[in-house]
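Q: give me a 3D structure for the following:
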Amino acid sequence: MSALAAPAALVQLLDQPGVSDVLVNGPGVVWVDGSNGLRRVALHLGDAAQLRGLATRLAAQGGQRLDDSCPAVDVHLPGGLRLHAVLPPVAPDGPLLSFRVLRRRAFDLDQLVACGTIPAAAAPLVTDLIQGRINFLVSGATGAGKTTLLAALLGMVGPAERIVLIEEASEIATSHPHCVRLEAKAANAEGRGAFTLTDLVRQALRMRPDRIVVGECRGAEVRELLTALNTGHQGSCGTIHANSPADVPARLAALGSLAGMDQITVATQAAAALTAVLHVARQPHSSNRRLTEVAALHLDGSGLVAVPALRLTTSAVARGPGWDCLWQADRWPP
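A: So this is what the prediction gives:
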């Protein structure tokens, strides 16, 4: 990250193996997250004015504006780094800078099994999910490992298939030989030139995709995604923020409302488009991320529900009531 317009000590910290996040909570307060969990480090990046100057320079380096009229920014920087910065008065205790290191290493299924992210007993199900061309979502909280799992799954797709990968910024590192990327573009200082995820989903439909992948579904693009998945693009997938698979239907409904869709429409479209939810979670007091549940999505009398099909712990794998739903012949090709 030598091209980063930041103090050398900060660059060295970000370059350390295993570091995933560096959090600057105002002058003299820096925390780092990684393989050893969250811990405070002795790093002083200056007073409030100097931190503001650092945040402003980095935002400009990423082509974004950060000042009193625009006191918060989310920007991708050279070297695979994402910065979120907030200035006073929105951050009353001083400028807040949150750095996320986007690792470019692509893991495969065997490696995720070896490190415990995917229990060995669940590996056959995950393999069948990809080979069976099932539409699915990977859910979890921020930093739970959604992107890592999705990238590994995409690497299992047959090389003769064309994947169109849509992201707000390139984060998914996959080894698939025929994966083309579309990346959203923010508006310029005049508020023009934006190209949103919704725009990208529409473009992807014209690019002869075998599978469409939305790196993170977080807004009105859910309408175009559900439409795409209901027009024959089997094996498509994406990620979504949710506390558990059971919360995914409500999350989809909330996103659908941003696109002017009512709850019934979202439920029926999602039930027809999506079969499974794979949930990943970060383990308490640890840096380990793990696949904890696979759920089946379907409609019942109350609307769209996610029914547990497989519950995964460090010591056991248990089938749930949604297991048979996953294996319906009309939804899962043999």
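
Q: I'd like to know which elements the strand or helix carrying residue 297 is packed against.
A: In the assignment (DSSP states H and E), residue 297 maps to strand 289-300. Using 3 or more Cβ pairs under 8 Å, 6 or more residues apart in numbering; DSSP states H and E as the contact test, the elements touching strand 289-300 are helix 248-258, helix 263-273, strand 276-282, strand 303-312, helix 323-326. Every residue, glycine included, has its C-beta placed from N, CA and C.

Q: cutoff 6 Å now
A: Under the contact criterion of 3 or more Cβ pairs under 6 Å, 6 or more residues apart in numbering; DSSP states H and E, strand 289-300 touches strand 276-282, strand 303-312, helix 323-326.

Q: ok, and for stretch 208-223, which residues are buried?
A: The neighbour-count criterion (16 or more other Cβ atoms under 10 Å) identifies 209-218, 220-223 as the buried residues of stretch 208-223.

Q: equivalent analysis for stretch 43-51, please.
A: Judged by neighbour count using 16+ other Cβ under 10 Å, the buried positions of stretch 43-51 are 43, 45, 51.

Q: which residues sit against it?
A: Outside of stretch 43-51, the residues that reach it under the criterion Cβ atoms under 6 Å, 6 or more residues apart in numbering are 9, 27-28, 30, 94-95.

Q: select from these the one having the most neighbours.
A: Counting neighbours by other Cβ atoms under 10 Å, the top entry in the contacts of stretch 43-51 is residue 95, with 28 neighbours.

Q: where along the stretch 51-200 of the chain do the strands fall?
A: Counting by DSSP state E, counting those that start in this stretch, the stretch 51-200 of the chain has strands at residues 72-77, 81-86, 96-101, 136-140, 163-167, 179-183.

Q: want to try JSON lines for the ones you listed, with distance to residue 155 as columns?
A: Compiled in JSON lines, the strands of the stretch 51-200 of the chain are given as follows (distance: least, Cβ to Cβ, whole Å):
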{"stretch": "strand 72-77", "distance to residue 155": "23"}
{"stretch": "strand 81-86", "distance to residue 155": "23"}
{"stretch": "strand 96-101", "distance to residue 155": "21"}
{"stretch": "strand 136-140", "distance to residue 155": "14"}
{"stretch": "strand 163-167", "distance to residue 155": "10"}
{"stretch": "strand 179-183", "distance to residue 155": "9"}
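
Q: okay, now the unreliable bits of the stretch 201-334 of the chain?
A: Under the criterion of pLDDT under 70, the regions of the stretch 201-334 of the chain flagged as low confidence span 284-287, 327-334.

Q: do the same with the stretch 1-150 of the chain
A: Within the stretch 1-150 of the chain, the set of residues satisfying pLDDT under 70 comprises 1-3, 103-105.

Q: ranking the helices and strands packed on strand 289-300 by burial, who's on top?
A: Among the helices and strands packed on strand 289-300, the stretch with the highest mean neighbour count (mean count of other Cβ atoms under 10 Å) is strand 276-282, at a mean of 24.

Q: name the residues that touch that strand?
A: The contact list for strand 276-282, computed with Cβ under 6 Å, 6+ apart, reads 134, 136-140, 144-146, 149, 245, 248, 289, 291-295, 306.

Q: buried residues in stretch 128-148?
A: Those buried within stretch 128-148 under the rule 16+ other Cβ under 10 Å are 129-130, 132-140, 144-148.

Q: can I get the CA coordinates of stretch 159-172 in PDB?
A: Output of stretch 159-172 as PDB, limited to C-alpha atoms (Å, rounded to 0.1, in the frame of the first residue of the first chain):
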ATOM      1  CA  PRO A 159     -15.300 -23.200 -16.300                       C
ATOM      2  CA  ALA A 160     -17.700 -23.300 -19.200                       C
ATOM      3  CA  GLU A 161     -20.100 -21.000 -17.400                       C
ATOM      4  CA  ARG A 162     -20.000 -17.200 -17.600                       C
ATOM      5  CA  ILE A 163     -20.400 -15.300 -14.300                       C
ATOM      6  CA  VAL A 164     -21.200 -11.600 -14.300                       C
ATOM      7  CA  LEU A 165     -20.200 -10.200 -10.900                       C
ATOM      8  CA  ILE A 166     -21.700  -7.000  -9.800                       C
ATOM      9  CA  GLU A 167     -20.300  -5.100  -6.800                       C
ATOM     10  CA  GLU A 168     -20.300  -1.600  -5.400                       C
ATOM     11  CA  ALA A 169     -16.500  -2.000  -5.300                       C
ATOM     12  CA  SER A 170     -14.400  -5.000  -6.300                       C
ATOM     13  CA  GLU A 171     -14.000  -7.100  -3.200                       C
ATOM     14  CA  ILE A 172     -14.700 -10.700  -4.200                       C
END
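
Q: contacts for that stretch?
A: Counting by Cβ under 6 Å, 6+ apart, residues outside stretch 159-172 touching it are 76, 102, 147, 151, 176-184, 200, 204, 207, 209-215.
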